[in-house]
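S.K.: Dropping a prediction and its sequence here:
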Amino acid sequence: MNKIFIFFLLLSLTFLNAGLSPEATASERPLWWERAEAVSSRAGYTLINIDELRALYESGKDFLLVDVRPAYEYRDGHLPKAVQLEFDLSEQSSLKPDKSQQCVELLGPDKNRAIVIYCRNYS
């Protein structure tokens, strides 16, 4: 199973502007961070922050960066090397066969490659 890193991109919002580091105290993180981190961990995923994503870019390691925002937001701007695969709230519990096939093709056969998924934030 692919190890998936979840990253909630906060486009030009407080989190990016604050320059939070992995060592940021709980009071410096957005209110939703602790709950999202707990939910992610229970599901076997890791929540990363902007500094950890930057380090992943700089490491030169092969990883897949997936922007799950709507196509119009992706067109307005996205992270370098990101590919777009839109998801919406109706797809939280199941995917239609065509969307499932898109995911399989996008993820590819490498089960060890890190996958970073990001979207916008509603803080």
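M.R.: Done, it's in.
S.K.: Give me the helix or strand of the chain that scores worst on average pLDDT.
M.R.: One helix or strand of the chain scores below all others by mean pLDDT, DSSP states H and E: helix 14-18, with a mean of 33.
S.K.: What's the first helix or strand after that one?
M.R.: On the C-terminal side of helix 14-18, the closest following helix or strand by DSSP states H and E is helix 33-42.
S.K.: from the middle of its chain, how far away would the next helix or strand after that following helix be?
M.R.: Next along the chain after helix 33-42, taking DSSP H and E as the criterion, comes strand 46-47. Here the centre of strand 46-47 is set off from its chain's centre by 9 Å, with C-alpha atoms, centre = their mean, to the nearest Å.
S.K.: Packing partners of strand 46-47?
M.R.: With contacts defined as 3 or more C-beta pairs under 8 Å, 6 or more residues apart in numbering; DSSP states H and E, the packing partners of strand 46-47 are strand 4-6, helix 33-42. For the C-beta atoms, the positions are set from N, CA and C on the backbone; glycine is no exception.
S.K.: Would you mind finding the most buried of these?
M.R.: Mean neighbour count (mean count of other C-beta atoms under 10 Å) peaks for strand 4-6 among these, with a mean of 19.
S.K.: what stretches of the chain score poorly on pLDDT?
M.R.: For the chain, residues meeting the criterion pLDDT under 70 lie at 1-28, 92, 121-123.
S.K.: repeat that with 50
M.R.: Applying pLDDT under 50 to the chain flags residues 1-23, 123.
S.K.: can you give me the end-to-end distance of stretch 78-86?
M.R.: Distance between the two ends of stretch 78-86: 13 Å, counting by C-alpha to C-alpha, to the nearest Å.
S.K.: Give the buried residues for it.
M.R.: His78, Ala82, Leu85, Glu86 (16 or more other C-beta atoms under 10 Å).
S.K.: which one among those gets closest to Gly44?
M.R.: The shortest gap between Gly44 and any of the buried residues of stretch 78-86 belongs to Leu85, at 20.1 Å (C-beta to C-beta).
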